[in-house]
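*Asks:* Please find the sequence and the predicted model below.
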Amino acid sequence: MAASTLHIVFNSSAAAGLRDALRQAGRDERVVGLSDCLSFGPINPPDPELRRRWVEDELGYTGWEEVVGEATSFWSEALSISSRRVAWLSGRSTQEYAGFLEWLWRLGEEPVEVVDLSDVMVAGNGTGPTKPHPAISLAMLPPHTILENELFDRTETLTAVLRARYRELWGRLRTENAPLRVLSEGELVSAPLSFFDPLLLSCATSEWQKAARVVGEALSDFWETSVFQTDDLVLCARVRALAGAGGLEFRGNLSDIQNSELRLPISRARHD
(Lines give C-alpha, C1' and ligand atoms only; values in the text may rest on other atoms or scores of the structure.)
Protein backbone atom coordinates (compact mmCIF):
# COMPACT_ATOMS: atom_id res chain seq x y z
CA MET A 1 0.00 0.00 0.00
CA ALA A 2 1.13 3.52 -0.71
CA ALA A 3 1.66 6.06 2.05
CA SER A 4 -1.47 7.93 0.91
CA THR A 5 -3.73 5.01 1.89
CA LEU A 6 -6.45 6.00 4.36
CA HIS A 7 -8.04 3.35 6.59
CA ILE A 8 -11.55 4.20 7.78
CA VAL A 9 -12.86 2.39 10.86
CA PHE A 10 -15.98 2.88 12.94
CA ASN A 11 -14.81 2.45 16.50
CA SER A 12 -12.14 4.48 18.29
CA SER A 13 -10.67 1.38 19.97
CA ALA A 14 -10.44 -0.29 16.57
CA ALA A 15 -8.57 2.74 15.23
CA ALA A 16 -5.98 2.53 18.01
CA GLY A 17 -5.39 -1.18 17.44
CA LEU A 18 -5.12 -0.79 13.68
CA ARG A 19 -2.60 2.06 14.01
CA ASP A 20 -0.48 -0.15 16.25
CA ALA A 21 -0.66 -3.05 13.77
CA LEU A 22 0.38 -0.76 10.91
CA ARG A 23 3.28 0.57 12.96
CA GLN A 24 4.47 -2.93 13.79
CA ALA A 25 4.23 -3.87 10.11
CA GLY A 26 6.27 -0.81 9.12
CA ARG A 27 3.45 0.60 7.01
CA ASP A 28 3.13 4.38 6.72
CA GLU A 29 -0.64 4.65 6.42
CA ARG A 30 -3.29 6.82 8.08
CA VAL A 31 -6.24 5.66 10.19
CA VAL A 32 -9.36 7.62 11.13
CA GLY A 33 -11.92 6.24 13.55
CA LEU A 34 -15.52 7.20 14.36
CA SER A 35 -16.22 7.32 18.10
CA ASP A 36 -19.96 7.98 17.64
CA CYS A 37 -22.18 4.87 17.61
CA LEU A 38 -24.92 5.10 15.01
CA SER A 39 -26.61 1.90 16.19
CA PHE A 40 -28.60 4.13 18.54
CA GLY A 41 -30.15 7.58 18.33
CA PRO A 42 -31.40 9.68 15.41
CA ILE A 43 -29.82 9.14 11.99
CA ASN A 44 -32.12 11.17 9.77
CA PRO A 45 -30.18 13.34 9.90
CA PRO A 46 -27.31 12.10 12.12
CA ASP A 47 -26.62 15.68 13.19
CA PRO A 48 -24.03 15.60 16.03
CA GLU A 49 -25.81 18.17 18.18
CA LEU A 50 -29.20 16.47 17.66
CA ARG A 51 -27.62 13.18 18.68
CA ARG A 52 -25.99 14.75 21.73
CA ARG A 53 -29.37 15.97 22.98
CA TRP A 54 -30.93 12.55 22.31
CA VAL A 55 -28.20 10.76 24.27
CA GLU A 56 -28.71 13.16 27.17
CA ASP A 57 -32.52 12.91 27.14
CA GLU A 58 -32.95 9.19 26.39
CA LEU A 59 -29.81 7.62 27.87
CA GLY A 60 -29.12 10.10 30.65
CA TYR A 61 -25.51 10.63 29.62
CA THR A 62 -24.18 14.19 29.68
CA GLY A 63 -20.64 13.67 28.37
CA TRP A 64 -21.38 13.38 24.67
CA GLU A 65 -19.80 16.73 23.76
CA GLU A 66 -16.41 15.08 23.31
CA VAL A 67 -17.91 12.53 20.92
CA VAL A 68 -19.54 15.36 18.93
CA GLY A 69 -16.18 17.03 18.41
CA GLU A 70 -14.43 13.81 17.47
CA ALA A 71 -17.23 12.85 15.05
CA THR A 72 -17.05 16.20 13.28
CA SER A 73 -13.32 15.72 12.74
CA PHE A 74 -13.83 12.13 11.58
CA TRP A 75 -16.33 13.00 8.87
CA SER A 76 -14.08 15.73 7.54
CA GLU A 77 -11.13 13.35 7.25
CA ALA A 78 -13.00 10.20 6.22
CA LEU A 79 -14.64 11.92 3.26
CA SER A 80 -11.52 13.78 2.14
CA ILE A 81 -9.77 13.08 -1.15
CA SER A 82 -7.34 10.18 -0.91
CA SER A 83 -5.64 8.05 -3.53
CA ARG A 84 -6.89 4.94 -1.76
CA ARG A 85 -9.60 4.35 0.86
CA VAL A 86 -9.89 1.11 2.80
CA ALA A 87 -12.98 0.77 5.02
CA TRP A 88 -13.12 -1.91 7.74
CA LEU A 89 -16.51 -3.29 8.69
CA SER A 90 -18.18 -6.22 10.38
CA GLY A 91 -21.76 -7.35 10.00
CA ARG A 92 -21.45 -8.81 13.51
CA SER A 93 -21.03 -5.39 15.16
CA THR A 94 -23.92 -2.92 15.04
CA GLN A 95 -21.59 0.00 15.72
CA GLU A 96 -19.17 -0.87 12.91
CA TYR A 97 -21.92 -1.85 10.46
CA ALA A 98 -24.06 1.25 11.04
CA GLY A 99 -21.06 3.57 10.92
CA PHE A 100 -19.90 2.04 7.66
CA LEU A 101 -23.35 2.39 6.09
CA GLU A 102 -23.59 6.10 6.97
CA TRP A 103 -20.07 6.71 5.66
CA LEU A 104 -20.87 4.93 2.40
CA TRP A 105 -24.10 6.94 2.13
CA ARG A 106 -22.15 10.18 2.37
CA LEU A 107 -19.34 8.99 0.10
CA GLY A 108 -21.59 8.59 -2.91
CA GLU A 109 -19.99 6.82 -5.84
CA GLU A 110 -16.35 7.38 -4.90
CA PRO A 111 -14.24 4.20 -5.22
CA VAL A 112 -13.45 2.26 -2.05
CA GLU A 113 -11.96 -1.01 -0.90
CA VAL A 114 -13.28 -2.90 2.11
CA VAL A 115 -12.08 -5.42 4.64
CA ASP A 116 -15.26 -7.23 5.68
CA LEU A 117 -14.74 -9.23 8.88
CA SER A 118 -18.31 -10.55 9.07
CA ASP A 119 -17.42 -14.15 8.24
CA VAL A 120 -13.70 -14.08 8.98
CA MET A 121 -12.29 -16.64 11.41
CA VAL A 122 -9.10 -15.68 13.26
CA ALA A 123 -6.63 -17.62 15.39
CA GLY A 124 -3.47 -16.92 17.36
CA ASN A 125 -2.83 -15.13 20.64
CA GLY A 126 0.60 -13.68 20.08
CA THR A 127 2.43 -16.73 21.45
CA GLY A 128 1.03 -19.55 19.35
CA PRO A 129 -1.97 -20.98 17.50
CA THR A 130 -5.43 -21.05 19.06
CA LYS A 131 -8.76 -22.46 17.94
CA PRO A 132 -10.22 -20.32 15.12
CA HIS A 133 -13.10 -18.10 16.20
CA PRO A 134 -15.19 -15.34 14.57
CA ALA A 135 -13.44 -11.98 14.38
CA ILE A 136 -16.74 -10.29 15.37
CA SER A 137 -15.30 -6.76 15.46
CA LEU A 138 -12.06 -5.00 14.55
CA ALA A 139 -12.23 -3.38 17.99
CA MET A 140 -11.86 -6.83 19.58
CA LEU A 141 -8.72 -7.77 17.63
CA PRO A 142 -5.32 -6.96 19.15
CA PRO A 143 -2.59 -5.87 16.73
CA HIS A 144 -0.87 -9.26 16.72
CA THR A 145 -4.11 -10.96 15.64
CA ILE A 146 -4.47 -8.53 12.75
CA LEU A 147 -0.92 -9.30 11.65
CA GLU A 148 -0.89 -13.07 12.28
CA ASN A 149 -4.09 -13.53 10.29
CA GLU A 150 -2.89 -11.27 7.45
CA LEU A 151 -6.04 -9.16 7.54
CA PHE A 152 -4.39 -6.37 5.56
CA ASP A 153 -4.43 -8.75 2.59
CA ARG A 154 -8.21 -9.22 2.71
CA THR A 155 -9.07 -5.95 0.94
CA GLU A 156 -11.63 -6.20 -1.85
CA THR A 157 -13.03 -3.55 -4.16
CA LEU A 158 -16.63 -2.74 -3.27
CA THR A 159 -18.81 -3.80 -6.18
CA ALA A 160 -21.59 -1.65 -7.60
CA VAL A 161 -24.16 -4.32 -6.70
CA LEU A 162 -23.07 -4.49 -3.06
CA ARG A 163 -22.82 -0.71 -2.80
CA ALA A 164 -26.41 -0.41 -4.04
CA ARG A 165 -27.61 -3.01 -1.52
CA TYR A 166 -25.88 -1.21 1.34
CA ARG A 167 -27.32 2.14 0.29
CA GLU A 168 -30.83 0.70 -0.02
CA LEU A 169 -30.56 -0.78 3.48
CA TRP A 170 -29.31 2.44 5.06
CA GLY A 171 -31.88 4.49 3.19
CA ARG A 172 -34.63 2.35 4.74
CA LEU A 173 -33.13 2.58 8.21
CA ARG A 174 -32.73 6.33 7.86
CA THR A 175 -36.39 6.66 6.89
CA GLU A 176 -37.48 4.57 9.88
CA ASN A 177 -35.12 6.58 12.14
CA ALA A 178 -35.76 4.24 15.07
CA PRO A 179 -34.13 4.62 18.50
CA LEU A 180 -32.04 1.47 17.94
CA ARG A 181 -30.59 -0.60 15.13
CA VAL A 182 -29.89 -4.24 15.99
CA LEU A 183 -28.81 -7.37 14.17
CA SER A 184 -31.47 -9.92 13.31
CA GLU A 185 -30.60 -12.97 11.20
CA GLY A 186 -27.44 -11.25 10.04
CA GLU A 187 -29.07 -7.98 8.96
CA LEU A 188 -29.42 -4.58 10.55
CA VAL A 189 -33.02 -3.74 11.49
CA SER A 190 -34.80 -0.98 13.41
CA ALA A 191 -35.83 -1.62 17.01
CA PRO A 192 -37.50 0.23 19.90
CA LEU A 193 -35.51 1.55 22.84
CA SER A 194 -36.98 -1.24 25.01
CA PHE A 195 -35.52 -3.98 22.77
CA PHE A 196 -32.95 -5.16 25.34
CA ASP A 197 -35.32 -5.04 28.34
CA PRO A 198 -36.26 -8.76 28.22
CA LEU A 199 -32.58 -9.72 28.12
CA LEU A 200 -31.78 -7.51 31.12
CA LEU A 201 -34.72 -8.90 33.09
CA SER A 202 -33.55 -12.43 32.33
CA CYS A 203 -30.15 -11.57 33.83
CA ALA A 204 -31.70 -10.37 37.11
CA THR A 205 -32.71 -12.70 39.95
CA SER A 206 -34.73 -12.52 43.14
CA GLU A 207 -31.48 -11.93 45.04
CA TRP A 208 -29.73 -8.59 45.26
CA GLN A 209 -26.74 -8.36 42.94
CA LYS A 210 -24.64 -5.52 41.62
CA ALA A 211 -26.14 -3.63 38.71
CA ALA A 212 -22.81 -4.07 36.96
CA ARG A 213 -23.24 -7.83 37.09
CA VAL A 214 -26.68 -7.68 35.45
CA VAL A 215 -25.31 -5.49 32.66
CA GLY A 216 -22.21 -7.67 32.38
CA GLU A 217 -24.26 -10.83 31.95
CA ALA A 218 -26.27 -9.15 29.20
CA LEU A 219 -23.04 -8.23 27.43
CA SER A 220 -21.82 -11.82 27.86
CA ASP A 221 -24.88 -13.00 25.99
CA PHE A 222 -23.61 -11.08 22.95
CA TRP A 223 -20.22 -12.78 23.10
CA GLU A 224 -21.87 -16.20 23.24
CA THR A 225 -23.78 -15.48 20.04
CA SER A 226 -20.72 -13.86 18.37
CA VAL A 227 -22.72 -10.71 17.69
CA PHE A 228 -22.02 -7.37 19.36
CA GLN A 229 -25.43 -5.69 19.63
CA THR A 230 -24.81 -2.64 21.81
CA ASP A 231 -22.63 -1.34 24.60
CA ASP A 232 -23.12 -0.65 28.29
CA LEU A 233 -24.28 2.92 27.68
CA VAL A 234 -27.61 1.69 26.30
CA LEU A 235 -27.90 -1.22 28.73
CA CYS A 236 -27.27 0.97 31.78
CA ALA A 237 -29.90 3.42 30.58
CA ARG A 238 -32.42 0.61 30.20
CA VAL A 239 -31.63 -0.73 33.67
CA ARG A 240 -32.47 2.69 35.10
CA ALA A 241 -35.65 2.85 33.01
CA LEU A 242 -36.77 -0.59 34.18
CA ALA A 243 -36.07 0.34 37.80
CA GLY A 244 -37.98 3.59 37.40
CA ALA A 245 -40.98 1.72 35.98
CA GLY A 246 -40.97 -0.92 38.71
CA GLY A 247 -39.70 -3.75 36.53
CA LEU A 248 -36.66 -4.04 38.79
CA GLU A 249 -36.11 -3.15 42.42
CA PHE A 250 -32.95 -1.25 43.23
CA ARG A 251 -30.95 0.21 46.05
CA GLY A 252 -28.21 2.77 45.72
CA ASN A 253 -27.59 5.22 42.90
CA LEU A 254 -27.98 3.43 39.55
CA SER A 255 -25.78 6.04 37.91
CA ASP A 256 -22.98 4.11 39.65
CA ILE A 257 -23.55 0.52 38.56
CA GLN A 258 -20.55 -0.73 40.55
CA ASN A 259 -22.05 0.42 43.84
CA SER A 260 -25.78 -0.13 43.31
CA GLU A 261 -27.84 -3.30 43.33
CA LEU A 262 -30.82 -4.80 41.52
CA ARG A 263 -33.27 -7.62 41.92
CA LEU A 264 -36.55 -8.76 40.44
CA PRO A 265 -39.63 -7.57 42.32
CA ILE A 266 -40.76 -10.20 44.81
CA SER A 267 -44.12 -10.68 43.04
CA ARG A 268 -42.41 -11.25 39.68
CA ALA A 269 -39.78 -13.59 41.15
CA ARG A 270 -42.50 -15.75 42.74
CA HIS A 271 -44.44 -15.85 39.49
CA ASP A 272 -41.33 -16.87 37.52
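*Replies:* Great, that's in hand.

*Asks:* make it CA atoms for all contacts and neighbour counts henceforth
*Replies:* Noted.

*Asks:* Now do the SS call for the residue nearest the centre of the chain.
*Replies:* Most central in the chain under Cα atoms, centre = their mean is Gln95, positioned 2.5 Å from the mean C-alpha point. Put simply, Gln95 is helix when judged by DSSP: H, G, I helix; E, B strand; the rest coil.

*Asks:* residues touching it, list them.
*Replies:* Under the criterion of Cα atoms under 8 Å, 6 or more residues apart in numbering, the contact list for Gln95 reads Phe10, Asn11, Cys37, Leu38, Ser39, Gln229, Thr230.

*Asks:* who's in contact with the third one?
*Replies:* This means Cys37. Cys37 makes contact with Asn11, Gln95, Ala98, Gly99 under the criterion Cα under 8 Å, 6+ apart.

*Asks:* I'd like the next helix or strand past the helix or strand where Ser73 lies.
*Replies:* Ser73 belongs to helix 65-78 when assigned by DSSP states H and E. As assigned by DSSP H and E, the chain's next helix or strand after helix 65-78 is strand 84-89.

*Asks:* got a list of contacts for that next one?
*Replies:* Outside of strand 84-89, the residues that reach it under the criterion Cα under 8 Å, 6+ apart are 4-10, 96-97, 100, 111-118, 137-138, 155.

*Asks:* And for stretch 222-233?
*Replies:* Contacts to stretch 222-233, defined as Cα under 8 Å, 6+ apart, come from residues 39, 59, 92-95, 134, 136-137, 182-183, 215, 219.

*Asks:* which of the residues in that stretch are buried?
*Replies:* Using 16 or more other Cα atoms under 10 Å as the test for burial, stretch 222-233 gives Phe222, Ser226, Val227, Phe228, Gln229, Thr230, Asp231.

*Asks:* Equivalent analysis for stretch 102-114, please.
*Replies:* Result for stretch 102-114 [16+ other Cα under 10 Å]: buried residues Glu102, Trp103, Leu104, Trp105, Val112, Glu113, Val114.

*Asks:* which residue ranges form the helices in the stretch 1-150 of the chain?
*Replies:* Defined through DSSP state H, counting those that start in this stretch, the helices belonging to the stretch 1-150 of the chain, from first to last, are 12-24, 48-54, 65-78, 94-107, 143-148.

*Asks:* With respect to Glu207, which of those helices lies nearest?
*Replies:* Within the helices of the stretch 1-150 of the chain, the stretch nearest Glu207 is helix 94-107; the backing value is 32.2 Å (Cα to Cα).

*Asks:* quick one: that closest one to helix 65-78, angle?
*Replies:* 50 degrees (axes from the mean of the first three to the mean of the last three Cα atoms, to 10 degrees).

*Asks:* what's the average pLDDT for helix 94-107?
*Replies:* Regarding helix 94-107, the rounded mean pLDDT is 97.

*Asks:* could you give the angle of it to strand 84-89?
*Replies:* Direction vectors for helix 94-107 and strand 84-89, defined by the same axes, to 10 degrees, enclose an angle of 150 degrees.

*Asks:* which residues are contacting stretch 158-169?
*Replies:* Residues external to stretch 158-169 that are found in contact with it (Cα under 8 Å, 6+ apart): Leu101, Leu104, Trp105, Pro111, Val112, Glu113, Val114.

*Asks:* Would you agree the first one is in contact with Trp170?
*Replies:* Yes - the criterion here is Cα atoms under 8 Å, and Leu101 meets it with Trp170 at 6.1 Å.

*Asks:* circling back to that earlier point, need the buried ones from the contacts of stretch 222-233 selected in PyMOL.
*Replies:* Buried residues among the contacts of stretch 222-233 (16+ other Cα under 10 Å), as a PyMOL selection:
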select buried, resi 39+59+92+93+94+95+136+137+182+183+215+219
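
*Asks:* Check the contacts of stretch 222-233 and tell me the two furthest apart.
*Replies:* Taking every pair in the contacts of stretch 222-233 and measuring Cα to Cα, the maximum separation is 30.3 Å, between Leu59 and Pro134.

*Asks:* among the contacts of Cys37, who's most crowded?
*Replies:* Comparing the contacts of Cys37 by number of neighbours (other Cα atoms under 10 Å), Gln95 comes first, having 27 neighbours.

*Asks:* and the gap between it and Leu89?
*Replies:* Remark: distance between Gln95 and Leu89 (Cα to Cα, to the nearest Å) = 9 Å.
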